[in-house]
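# okay, sequence plus prediction incoming.
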Amino acid sequence: MSGRARFVAAVFVLTVLTLGGAFAAVYLAFNRLQERQLDQALITAARVEARMLSQQPSEAVALSNRPGPAANQVGPLATFAAVLDGAGAVVALSPTLAAAPSARGAENGRAFDLWIQNQHARCVWMDVEGRAGVRLFFAVPREDLDGDAAFLSRAMTVAFLVAVVWAAAIAYWIVRVFTNEQRRIAEVARRVADGDLTARISSRTRDRDMARFALDLDQMIERLALLVSSQQRFIAYAAHELRSPLTMLYGELSHALRRSRSAEEYRRAIEEALDATRSLKQLSEDLLALARVSEGASATSERVSLREVSDEAVASVLGEALARDVEIVTECGAHETMGHPRDIERLLRNLLENAVRHAPRGTSVRLRVREAEAMIELAVSDQGSGVSEEERERIFEPFYRSASEEKDGHAGAGLGLAIARDIARAHGGDVRVDVGEGGVGAVFTATIRSAAKS
């Protein structure tokens, strides 16, 4: 059973119980009121008759010919009456009564029901004052009362059925209106589960909580779609980047084994295969680093000296800088942060490698570390061609390489800046790129938490 059907069933059952209880209460209250009115009239008439009997001579007891009590404004009712002495013998009977009932255990002045000569009657026993043991039996038929009860029962049954059908229809309509948004959300969820990441709720309800819930789901689906798209691009780019060195390695080894060669030729083939293997190793390390940092799988944080890790990062890229005739200048004080030394060293190394590769020969790359507003800024600047405004975000995407990099043949798979940004974000900061001083080159600034803020 669906949620909507259960909701309708719950409302229907609640309505049936409520209406049934209300109708039953009205039915019982009305019948009780009618019966009480009849009892009052019956007891009053019986008392009058008992008073008249008490005034008669003891040797001549007789019932009067007074009409019975009126009930429901339908006129006097026929009466059944009898007088019994102390021994229980019948002293007098009304013409309507063939035999007197037993008075054993009867309570004085308390009305009760009894079948008399196939008629349902309301009866009462009344003691006759001044006559020891003499009792008056007085009864009237309750046909009118029973008829009113039967009519009320039929009328209320019809009204109850109509009310239940109407309540069920209204409950279904109300539930349908109020659950329409939930139904749309469920449909979108099924479409997303089936792989349709273009499905959106776009709620138009006036319910602020439901509208907010729908908006949050749309944003979640948007992020999920972006994540899936990024993952697909990542796999495609990784496969493409792995294909080149693997193809080169396979080609060199196949070519070397095709025919006998000299030792020098074998050496050259092995060196080329080694270069391809080195590229594969670097690419695999970058991919593992990117996955580890993105998933937050780093080791426990510790206090890190930025002077020490910056020296290690500079030393790791110094060979490439010397080969390109690029000087590396550092400005770093005694700053510390809470983090992961290897990750922060990789962040600086990637930024420095990127700057060295884009710096013209004979120029310098500057690393400046300073603390500002409980954050530490790691700024790496070069004097290269800079980064265009439309590429300032795209260069941080995995495997992205600008047209100028493709043209100049810069090495790398385009993962360095993506890894640097993920490391910075894992340490409570980010990486941005700006134009260098005087509009020359580019400045990559990474921010991380300082030890005081951590």
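Arrived safely.

# Ser305: neighbouring residues, count only.
Ser305 is flanked by 16 other residues according to other CB atoms under 10 Å. Where you see a C-beta, it was placed from the backbone N, CA and C, and this is true even at glycine.

# how about Ala159?
13.

# what is whichever helix or strand it is part of packed up against?
Here Ala159 sits within helix 143-178, counting by DSSP states H and E. For helix 143-178, the elements it packs on are helix 3-54, strand 119-127, judged by 3 or more CB pairs under 8 Å, 6 or more residues apart in numbering; DSSP states H and E.

# for Val387, which of the ones you listed is the nearest?
With CB to CB as the criterion, Val387 lies closest to helix 3-54 of these, at 53.1 Å.

# quick one: low-confidence ranges for the chain?
1-3, 58-75, 230, 233-234, 236-244, 282-283, 286-300, 401-413, 452-454 (pLDDT under 70).

# other SSEs contacting the helix or strand Met220 falls within?
Counting by DSSP H and E, the element that carries Met220 is helix 208-258. With contacts taken as 3+ CB pairs under 8 Å, 6+ apart, helix 208-258 sits against helix 180-193, helix 263-294.

# and Asp39, which of the ones you listed is closest to it?
Closest to Asp39 of those, according to CB to CB: helix 180-193, at 56.3 Å.

# Thr445 contacts Asp434, doesn't it?
Yes - counting by CB atoms under 8 Å, Thr445 does reach Asp434; the two are 6.8 Å apart.

# ok, those two, which is more surrounded?
Between Thr445 and Asp434, counting by other CB under 10 Å, Thr445 is the more crowded of the two (18 against 14).

# nearest the middle, which residue of the protein would you pick?
Nearest to the mean C-alpha position of the chain, counting by CA atoms, centre = their mean, stands Phe213 at 8.0 Å.

# state the distance from that residue to Thr79.
The span separating Phe213 from Thr79 equals 74 Å under the rule CB to CB, to the nearest Å.

# before we move on, what about Thr18?
Taken as CB to CB, the span from Thr18 to Thr79 is 43 Å.

# more neighbours: the two, which one.
Thr79 (23 against 12).

# wait, doesn't that one sit right on Phe138?
Yes - Thr79 is in contact with Phe138 according to CB under 8 Å; the separation is 6.7 Å.

# which neighbours do those two share?
Ala45 (CB atoms under 8 Å, 6 or more residues apart in numbering).

# let's see stretch 140-147 as PDB, backbone CA atoms only.
Extracted as PDB, the C-alpha positions of stretch 140-147 are listed here (Å, rounded to 0.1, in the frame of the first residue of the first chain):
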ATOM      1  CA  VAL A 140     -48.100   2.200  29.700                       C
ATOM      2  CA  PRO A 141     -47.000   0.900  26.300                       C
ATOM      3  CA  ARG A 142     -43.800   2.300  24.800                       C
ATOM      4  CA  GLU A 143     -44.700   1.800  21.200                       C
ATOM      5  CA  ASP A 144     -44.300   5.500  20.400                       C
ATOM      6  CA  LEU A 145     -40.900   5.600  22.200                       C
ATOM      7  CA  ASP A 146     -39.700   2.500  20.400                       C
ATOM      8  CA  GLY A 147     -41.000   3.800  17.100                       C
END
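
# roughly how far out does it sit from the chain middle?
For stretch 140-147, the distance from its own C-alpha centre to the chain's C-alpha centre is 60 Å (CA atoms, centre = their mean, to the nearest Å).

# just the helices in the stretch 351-454 of the chain please.
Ranges of helices in the stretch 351-454 of the chain, per DSSP state H, counting those that start in this stretch, are 403-408, 416-426.

# between helix 208-258 and the last one, find me the angle.
Read it as helix 416-426. 140 degrees (axes from the mean of the first three to the mean of the last three CA atoms, to 10 degrees).

# distance between helix 416-426 and the chain's centre?
That offset, for helix 416-426, works out to 34 Å (CA atoms, centre = their mean).

# mind giving me the packing neighbours of that helix?
helix 263-294, helix 341-358, strand 430-435, strand 442-449.

# domains for the chain, by residue range?
Split into domains by automatic domain parsing, the chain comes to 3-165, 208-290, 300-449.

# how many neighbours does Ser364 have?
14.

# show me what contacts it?
Residues in contact with Ser364, defined by CB under 8 Å, 6+ apart, are 326-329, 383.

# farthest pair in the residues you listed?
Ile328 and Gln383 (12.6 Å).

# kindly provide the distance from the nearest residue to Arg449 once chain neighbours are set aside to Ile376.
Closest residue to Arg449 apart from its sequence neighbours, by CB to CB, 6 or more residues apart in numbering: Gly428 at 4.1 Å. Here Gly428 is placed at a distance of 10 Å from Ile376 (CB to CB).

# same question for Glu312.
Note on Glu312: its distance to Ile376, by CB to CB, is 17 Å.

# so which of the contacts of Ser364 belong to strands?
Among those, DSSP state E puts 327-329 in strands.

# nearest to Thr157, of the residues you listed?
Ile328 (97.0 Å).

# for the closest one, list each beta-bridge partner.
Val365 (DSSP bridges).
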